[in-house]
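Peer 1: no sequence on this one, just coordinates:
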């Protein structure tokens, strides 16, 4: 789709290391350029790691690193605001789109005559990153005040939009929902790539549950370990858990696996050799893979245990691969994807065999843990070993994925960036 009214677009994000928001940022930049817009991508530090290379111009704000004192940090923020304001003028920017909270603040504070749009990926109410006094200040004072200065706020899920209205008090007319998109054909092409024999062997010893994503607190991967143990106690050949990705939770995940009595292979953080004999392991940490889709496509089930999400691309990508999805019914996104006809406020209290996948209650620690684990074990056993159930959700996965192709999503973005600036 070629635009009739090309814009100078500046896209802003703190960094381009591996992550869901960073991938969306990269895909948007590519598609805006294909549509005929002039796109410049901007990160805070041009010397940082880039996991998503771009064909667009990439610029870093590149101000000195902040010291430990609040005064030093405030000075760095001021310098970043000044640098971004200068950059917007030099490039004659028509639209500046920011992704993630820190970039949002800079975009708003440097606002001139250009249209300012914020793309919100995560829950401000439920994300554990907002704990403590700093989190309270940001989500109860800074965001409710500053976000009103935007020309548009895009929430990547319907539930997230409602949260921004109810929790941050943003005007309903300011916030709209535009889901993330998936390059369906590209995903399917990459999923068809043959794995080396040693990696194909990962799937030769019973069903494999795959979890793809950053190993971090909100993704909640350790909560799956008792579930895996329950499956193995029910059926000794129930397979294994394969984790694709890396992050700060990795050491704790390895330790928790050992504590549970599971055999764990702690592989390389980056792409490297698989375990020499996969049959000897229950939990395999395969690390980051630039192309995760051949692994996802061969999985028996794609699992999402998260405590909170924005709009989980991992679910959409698994659907595109024709893999059944079992997801925690966390805020926000899984219900919108797997059970779109149900109310946004509905939450699974037990296994919910939804229209396009399996929704399950959140896995939490404490008194309710055993009941939650039992529900997950029973439901996953049904999905793994009931051929009719599996075949149904394979077909439903492929059907649902068509709703998240790029064209309908980008058409919504095109309408938004063509709107006149309403604030100065």
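Peer 2: Everything's here; your move. All values reported here derive from a predicted model rather than from experimental measurement.
Peer 1: now the strands: where do they sit in the stretch 251-400 of the chain?
Peer 2: 264-266, 283-287, 301-304, 325-328, 352-353, 358-360 (DSSP state E, counting those that start in this stretch).
Peer 1: elements contacting the first one?
Peer 2: What it means is strand 264-266. Secondary-structure packing of strand 264-266 (3 or more C-beta pairs under 8 Å, 6 or more residues apart in numbering; DSSP states H and E): helix 250-259, strand 283-287. No exception for glycine: its C-beta is placed from N, CA and C like everyone else's.
Peer 1: just the third one next, same as before
Peer 2: Judged by 3+ C-beta pairs under 8 Å, 6+ apart, the packing partners of strand 301-304 are strand 208-212, helix 313-320, strand 325-328, helix 369-385.
Peer 1: Switch the ones you listed over to TSV; also include distance to residue 59.
Peer 2: Shown next, in TSV, are the helices and strands packed on strand 301-304 (distance: least, C-beta to C-beta, whole Å):
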stretch	distance to residue 59
strand 208-212	30
helix 313-320	26
strand 325-328	37
helix 369-385	46
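Peer 1: Out of these, flag the one nearest residue 82.
Peer 2: helix 313-320 (34.1 Å; C-beta to C-beta).
Peer 1: Okay, buried residues for the closest one please.
Peer 2: By neighbour count on 16 or more other C-beta atoms under 10 Å, the buried set for helix 313-320 is 313-320.
Peer 1: ok, now stretch 389-397?
Peer 2: Neighbour-count burial for stretch 389-397, counted by 16+ other C-beta under 10 Å, picks out 389-390, 393, 396-397.
Peer 1: coming back round to it: including distance to residue 403, could the buried residues of helix 313-320 go into TSV?
Peer 2: Output for the buried residues of helix 313-320, formatted as TSV (distance: C-beta to C-beta, whole Å):
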residue	distance to residue 403
313	14
314	16
315	12
316	9
317	13
318	14
319	9
320	11
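Peer 1: and which of those is nearest to residue 53?
Peer 2: residue 313 (18.6 Å).
Peer 1: ok now do the closest one, which residues does it touch?
Peer 2: 20, 23-24, 180, 182 (C-beta atoms under 8 Å, 6 or more residues apart in numbering).
Peer 1: In helices, which of those residues appear?
Peer 2: 20, 23-24 (DSSP state H).
Peer 1: Same list, the residues you listed, but as JSON lines with pLDDT please.
Peer 2: Formatted as JSON lines, these follow (pLDDT from 0 to 100):
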{"residue": "20", "pLDDT": "85"}
{"residue": "23", "pLDDT": "89"}
{"residue": "24", "pLDDT": "94"}
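Peer 1: circling back: now that we have the contacts of residue 313, can you turn them into JSON lines and tack on distance to residue 68 and neighbour count?
Peer 2: Shown next, in JSON lines, are the contacts of residue 313 (distance: C-beta to C-beta, whole Å; neighbours: other C-beta atoms under 10 Å):
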{"residue": "20", "distance to residue 68": "30", "neighbour count": "19"}
{"residue": "23", "distance to residue 68": "32", "neighbour count": "16"}
{"residue": "24", "distance to residue 68": "32", "neighbour count": "21"}
{"residue": "180", "distance to residue 68": "36", "neighbour count": "23"}
{"residue": "182", "distance to residue 68": "41", "neighbour count": "23"}
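Peer 1: pretty sure residue 28 contacts residue 117?
Peer 2: No: between residue 28 and residue 117 there is no contact under C-beta atoms under 8 Å: 10.9 Å.
Peer 1: pLDDT score assigned to the closest residue to residue 223 other than its chain neighbours?
Peer 2: Counting by C-beta to C-beta, 6 or more residues apart in numbering, residue 223 lies nearest to residue 363, which is 3.7 Å off, once chain neighbours are set aside. We have a pLDDT of 94 for residue 363.
Peer 1: go on, residue 28?
Peer 2: 96.
Peer 1: Disregarding residues adjacent in the polypeptide, which is nearest to it?
Peer 2: Per C-beta to C-beta, 6+ apart, closest to residue 28 is residue 11, 6.8 Å.
Peer 1: Determine which stretch of the helices and strands packed on strand 264-266 is the most buried.
Peer 2: Counting by mean count of other C-beta atoms under 10 Å, strand 283-287 has the highest mean neighbour count of these, with a mean of 22.
Peer 1: how far out from the middle of the chain is that one?
Peer 2: What separates the centre of strand 283-287 from the centre of its chain is 19 Å, taken as C-alpha atoms, centre = their mean, to the nearest Å.
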